[in-house]
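In: how would this look folded up:
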Amino acid sequence: MISIDPTYHDYFGREVTVPPATMAVLAGTALDEPPAATLDPVHVIREDAAAVRVPIQNAPDNDTIDWTLRLEDGTLRSGRSCTEAGEIVVAERLPLGYHRLAIGESATTLIVVPVRAWLPPELETGPGIWGFSLQLYSLRSRSDWGIGDFGALRTFAESAAAAGAQAIGLNPLHAPNVADPSAHSPYDPASRLWLSPLYIDVEAVEDFRESLRAQTAAQLLRPPREGSLVDYDAVTTAKLGVLERCYDWFLAHHRDDARGRAFSRFVEEGGAALDDYATFCAVAEHVRATTGIRGGWAAWPGEYRDRRGDAVRALVRERSERIDFHRYLQWLADGQLALCAEACRDLVIGIYRDLAVGTAADGADSWSAPQTFVRGVSVGAPPDAVNALGQNWGLTPFHPEALRREAYGPFIALLRANMRHAGALRIDHVMAMQRLFWVPHGCPASEGAYVRYPLDDLLGIIALESVRHRCAVVGEDLGTVPEGFRERLTERGVFGCRLLFFEREADESFRPPQDYPPAALVSTGTHDLPSLPSWWVGTDIDLREHLGLLSLQQAADGRGERERGRDRLIEALRRWGDLAEEPTLEALVESAYRFLARSPARFLIVQIEDVLLRTDAVNVPGTLTEHPNWRRRLPLEVQEITRTALAGRLIAVLAGLRPAR
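Out: The predicted structure is shown next:
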């Protein structure tokens, strides 16, 4: 049964009762009861459990049960156990991994998980490490095509490593609907399993360098790189247009050589999931070409909304080469990201990826696996100090019952896809592992409710995949956090987040750095918050007032509160950040990171927007087209960022307080 909390405590500590209509809608999303079975679909078992005990349905005590167990490595075991208190013991210990237990016609997946996620020694003890975070699309390079790409990322990684950084944090690299460039938010992707082909460095593709036709097309299609905003329409048209010529060259000259064999292996490993995303892209392009519709599957003609339907099967036959082209794009993107990871091979973390909390309601993931996702609801958050009306993110969530019935297969695949080529993974809104705020379609966010997820199981699987990929995990635990949740993360080796803006005492003074927890990532803010320079001068309040997100009175109150906040920050930075009496904006930024570097928190992230003193917003929550979210480009070329005067001083500060290995 789906578990819905009838009440919850909001950010302000008030108890909120969920409206009866909301409870009824959410209860209606429960799945039909499955046929009675001897075994549940899945059991997650910690490696420190004294024995592997498996519940047996409707079995009397002292009944003798024959079973077979196939370990993940193929080893087959069998045995006979007596039931006791509705359980049998099948082993004292099992190796970590995914195993299959069968009793008669019934079977279950046994997932044996470590106690804690993987952490490098530098995040277990010592002064910790530091790194940069950036929005990949914002990078500039001499060869970019109007958007940051994996080539620019590799260049930045090399310069950042030379400066002593041990991590490069990125926005989600998730795959978009290429037929709808207007849907470009990295946190609202068509698929969280695949990469955005817009990040491919076209001129680094071997087929581009070999194909005169591709190079000629580039001269005609290449978008300008001088603008301050990414033009996603122009970038998509140019990159896909030229990469089509690269693909033609690949088919003609490499399909049967070593590169062709490498591509075939990638397609085989990608399996049905890669087929689904590539098919989604081909259908979306076909629908746009024939009807003008640019959106996802919910806007398509009815015959194309069913992934397994006759119309889609016919299109697969007719456009098989186009589907293969989209597989080719994923192969190129994966290979270039691998090269970026290779450039970071000597760093403690290297690439620090980001996993969005959900997928687009009309995207590829929900189209190809409708049984796994919930329709008719969106993911969001209740009202808090920053968003008085609550938030509706328009994302579709995993169905908790469906996850268990599928032995958590979709969740496991998601972790594997996003830990690939990464030394750390940020899980956006990690509270979703315990509960997720569902908002019925047509209702305001304030009328949503929390739906429960199996926290222990999900944290265990995160730990298992973390150990296997040697990928540390950071949980974004900001906002309305359940009591005791952060302690659970720490216990399982998952870092939390602490932001300078939010770490305040009851009297609004800034918490001293020594009070920050060791098992945490610290920074000034995030992509949804103003940069430190913007916060200081108040441009974020001006912008929100201009966009109608704040009333005149709210803006006035906000400015008064900000003035008090600036006074409190100066007090804190003078005490713990060596701030001068009359600070410049540069001195303020330098002092803030000195303050954070003196904390025991072992993972410090420097926001590029702070380094470059940017006051424009990366993203303004609550807006769609009113503000150029996820489009702003940095003013400097990538190799120049760490050479600025402020960057040099920050690097010197961090080298002293958090020296490289």
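
In: Would you mind listing the residues in contact with I323?
Out: 275, 278-279, 281-282, 316 (C-beta atoms under 8 Å, 6 or more residues apart in numbering). Just so you know, the C-beta spots here come from the backbone N, C-alpha and C atoms, and that holds for glycine as well.

In: which of those residues tops the neighbour count?
Out: C281 (28 neighbours; other C-beta atoms under 10 Å).

In: mind checking which helix or strand the closest residue in space to that residue that isn't next to it in sequence is in?
Out: Excluding its sequence neighbours, the residue lying closest to C281 (C-beta to C-beta, 6 or more residues apart in numbering) is H326, at 4.5 Å. Using DSSP states H and E, H326 falls within helix 320-343.

In: One more: P410?
Out: Assigned by DSSP H and E, P410 falls in helix 409-419.

In: tell me what the very next helix or strand once past that helix is packed against?
Out: The first helix or strand that comes after helix 409-419 along the chain, using DSSP H and E, is strand 424-427. Contacts defined by 3 or more C-beta pairs under 8 Å, 6 or more residues apart in numbering; DSSP states H and E place strand 424-427 against strand 350-355, helix 409-419, strand 472-475.

In: With mean pLDDT and distance to Y516 as new columns, can the ones you listed be given to me in TSV?
Out: Converted to TSV, those look like this (pLDDT from 0 to 100; distance: least, C-beta to C-beta, whole Å):
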stretch	mean pLDDT	distance to Y516
strand 350-355	98	19
helix 409-419	98	26
strand 472-475	98	14
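
In: With distance to P517 and mean neighbour count as extra columns, can I get these in a markdown table?
Out: As requested, these are exported to a markdown table (distance: least, C-beta to C-beta, whole Å; neighbours: other C-beta atoms under 10 Å):
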| stretch | distance to P517 | mean neighbour count |
| --- | --- | --- |
| strand 350-355 | 19 | 25 |
| helix 409-419 | 24 | 19 |
| strand 472-475 | 13 | 27 |
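
In: Show me the one of the ones you listed that comes nearest Y8.
Out: For Y8, the closest of the helices and strands packed on strand 424-427 is strand 472-475, at 19.6 Å, according to C-beta to C-beta.

In: Tabulate the CA atom coordinates of the closest one in PDB.
Out: C-alpha atoms of strand 472-475 as PDB (Å, rounded to 0.1, in the frame of the first residue of the first chain):
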ATOM      1  CA  ALA A 472      31.200   9.500  -2.800                       C
ATOM      2  CA  VAL A 473      27.700  10.700  -2.300                       C
ATOM      3  CA  VAL A 474      26.400  14.200  -1.200                       C
ATOM      4  CA  GLY A 475      22.800  14.600  -0.300                       C
END
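
In: Contacts for it, please.
Out: Against strand 472-475 from outside (C-beta under 8 Å, 6+ apart): 117-120, 123, 349, 352, 423-427, 430, 433, 462, 466, 489, 493-497, 521, 603.

In: about what we covered before: only the buried residues of the helix holding H326, if you could.
Out: 322-323, 325-337, 339-341, 343 (16 or more other C-beta atoms under 10 Å).

In: how about the CA coordinates for that helix, as CSV?
Out: These are the backbone C-alpha positions of helix 320-343, laid out as CSV (Å, rounded to 0.1, in the frame of the first residue of the first chain):
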residue,chain,number,x,y,z
SER,A,320,15.9,2.9,-37.7
GLU,A,321,18.9,4.9,-38.9
ARG,A,322,17.7,8.1,-37.2
ILE,A,323,17.3,6.1,-33.9
ASP,A,324,20.9,4.8,-34.4
PHE,A,325,22.0,8.4,-34.9
HIS,A,326,20.8,9.2,-31.4
ARG,A,327,22.6,6.2,-30.0
TYR,A,328,25.7,7.5,-31.8
LEU,A,329,25.3,10.9,-30.0
GLN,A,330,25.2,9.2,-26.7
TRP,A,331,28.4,7.3,-27.5
LEU,A,332,30.2,10.5,-28.4
ALA,A,333,29.0,12.3,-25.3
ASP,A,334,30.0,9.4,-23.0
GLY,A,335,33.4,9.1,-24.6
GLN,A,336,34.1,12.8,-24.2
LEU,A,337,32.9,12.8,-20.5
ALA,A,338,35.2,9.9,-20.0
LEU,A,339,38.1,12.0,-21.2
CYS,A,340,37.2,14.7,-18.8
ALA,A,341,37.2,12.2,-16.0
GLU,A,342,40.6,11.0,-17.2
ALA,A,343,41.9,14.6,-17.0
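
In: how much distance is there from that helix to the middle of the chain?
Out: 19 Å (C-alpha atoms, centre = their mean, to the nearest Å).

In: for stretch 615-633, same thing?
Out: 19 Å.

In: So which bits of that stretch are buried?
Out: Buried, per 16+ other C-beta under 10 Å, within stretch 615-633: 615-623, 627-633.

In: Excluding chain neighbours, what is closest to A417?
Out: L193 (4.6 Å).

In: where's the one you found, which helix or strand?
Out: Here L193 is assigned to strand 191-195, by DSSP H and E.

In: Can you tell me the SS state at Y8?
Out: strand (DSSP: H, G, I helix; E, B strand; the rest coil).

In: Walk me through the domains of the protein.
Out: The record's domain split for the chain, according to automatic domain parsing, is 42-113, 121-657.

In: Pick the most deeply packed of these.
Out: Among the domains of the chain, ranked by average contacts under mean count of other C-beta atoms under 10 Å, first place goes to domain 121-657 (a mean of 19).

In: now for that domain, what's the gap between its first and last residues?
Out: 17 Å (C-alpha to C-alpha, to the nearest Å).

In: ok, now stretch 83-93?
Out: 18 Å.

In: Quick one: distance of that stretch to the chain centre.
Out: 38 Å.

In: now do stretch 487-496
Out: 18 Å.

In: In helices, which of the contacts of I323 appear?
Out: 275, 278-279, 281-282, 316 (DSSP state H).

In: Which two among the residues you listed are spaced furthest apart?
Out: Longest span within the ones in helices among the contacts of I323, C-beta to C-beta: C281 and V316, 12.1 Å.

In: ok so, going back, for S531, state which of the contacts of I323 is nearest.
Out: For the contacts of I323, the nearest to S531 is C281 (34.6 Å; C-beta to C-beta).

In: Model confidence for that closest one, exactly?
Out: On pLDDT, C281 comes in at 98.

In: Name all residues that make contact with it.
Out: Contacts of C281 by C-beta under 8 Å, 6+ apart are 177-179, 323, 326, 364.

In: Okay, T125 and R307: tell me how far apart.
Out: 49 Å (C-beta to C-beta, to the nearest Å).

In: ugh, wrong one, I meant P530
Out: In terms of C-beta to C-beta, P530 sits 41 Å off from R307.

In: Okay, now the unreliable bits of this protein?
Out: Low-confidence segments of the chain, defined by pLDDT under 70, are absent.

In: quick one: the nearest residue to E406 once chain neighbours are set aside and V439, what's the gap?
Out: Nearest residue to E406 in three dimensions, chain neighbours excluded: T372, at 6.7 Å (C-beta to C-beta, 6+ apart). Computed as C-beta to C-beta, the T372 to V439 distance reads 19 Å.

In: Equivalent analysis for V16, please.
Out: 13 Å.

In: Can I get stretch 26-38 in CSV? Just the C-alpha atoms.
Out: Extracted in CSV, the C-alpha atoms of stretch 26-38 (Å, rounded to 0.1, in the frame of the first residue of the first chain):
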residue,chain,number,x,y,z
LEU,A,26,-3.1,10.3,-3.9
ALA,A,27,-4.7,7.2,-2.5
GLY,A,28,-6.0,6.6,-6.0
THR,A,29,-2.5,6.2,-7.3
ALA,A,30,-2.0,2.9,-5.4
LEU,A,31,-1.2,-0.1,-7.6
ASP,A,32,-3.5,-3.1,-7.8
GLU,A,33,-2.7,-5.8,-5.2
PRO,A,34,-0.3,-8.4,-6.8
PRO,A,35,-1.2,-12.1,-6.8
ALA,A,36,-0.4,-13.8,-3.5
ALA,A,37,3.2,-15.1,-3.6
THR,A,38,5.4,-17.0,-1.2
